[in-house]
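J.: this one's structure only:
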């Protein structure tokens with residue numbers, strides 16, 4: 001949940017300890033650029049959520065009922081072998097093929 005909250009934010013009361021609403025990085029850099037360093041380390045469960053943001057330009061904070069429109073340029077980097085990760089099933093092919 002940590003990376004998810006950092007990227008997308010959270011609504012107050014979304015989980016124990018979520019005592020305030022927090023903007024994620026996508027909201028904080030809206031109209032700007034977000035660098036995702038070492039994207040090869042991203043979990044398989046988070047990859048489809050990131051793809052939806054890239055396709056729809058909308059994020060949804062954890063615990064939110066509505067999405068938020070964002071306009072963010074994303075630059076992603078890694079030093080890992082994407083082809084190998086895709087063959088192993090630990091990275092979504094859509095990131096390379098678009």
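T.: The structure has been received and is ready for your questions. Nothing here was measured: the structure is a model prediction, and the numbers come from that model.
J.: Would you tell me what helix or strand residue 35 is located in?
T.: strand 33-37 (DSSP states H and E).
J.: what pairs with that strand, and is each one parallel or antiparallel?
T.: The strands beside strand 33-37 in its sheet (DSSP bridges) come out as strand 73-77 (parallel).
J.: For this structure, which segments are assigned as helices?
T.: 2-8, 25-28, 47-56, 82-87, 94-97 (DSSP state H).
J.: Report the mean confidence score over the first one.
T.: When you say that, I think you mean helix 2-8. Averaging pLDDT along helix 2-8 yields 93.
J.: can you check stretch 87-97 too?
T.: Stretch 87-97 comes out at a mean pLDDT of 80.
J.: list the buried ones in that stretch?
T.: Residues 91-92, 95 are the ones in stretch 87-97 that count as buried (16 or more other C-beta atoms under 10 Å). Where you see a C-beta, it was placed from the backbone N, CA and C, and this is true even at glycine.
J.: which non-adjacent residue is nearest residue 68?
T.: residue 59 (5.4 Å; C-beta to C-beta, 6 or more residues apart in numbering).
J.: Surely residue 44 touches residue 95?
T.: No: assessed by C-beta atoms under 8 Å, residue 44 is found out of contact with residue 95, at 11.6 Å.
J.: Apart from its neighbours in sequence, what residue is nearest residue 64?
T.: residue 11 (5.0 Å).
J.: Tell me who's in contact with the one you found.
T.: Going by C-beta atoms under 8 Å, 6 or more residues apart in numbering, residue 11 touches 18, 21, 61-64.
J.: returning to that earlier point: distance to residue 69 added to the buried residues of stretch 87-97, as JSON lines?
T.: JSON lines is the format used below for the buried residues of stretch 87-97 (distance: C-beta to C-beta, whole Å):
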{"residue": "91", "distance to residue 69": "27"}
{"residue": "92", "distance to residue 69": "24"}
{"residue": "95", "distance to residue 69": "22"}
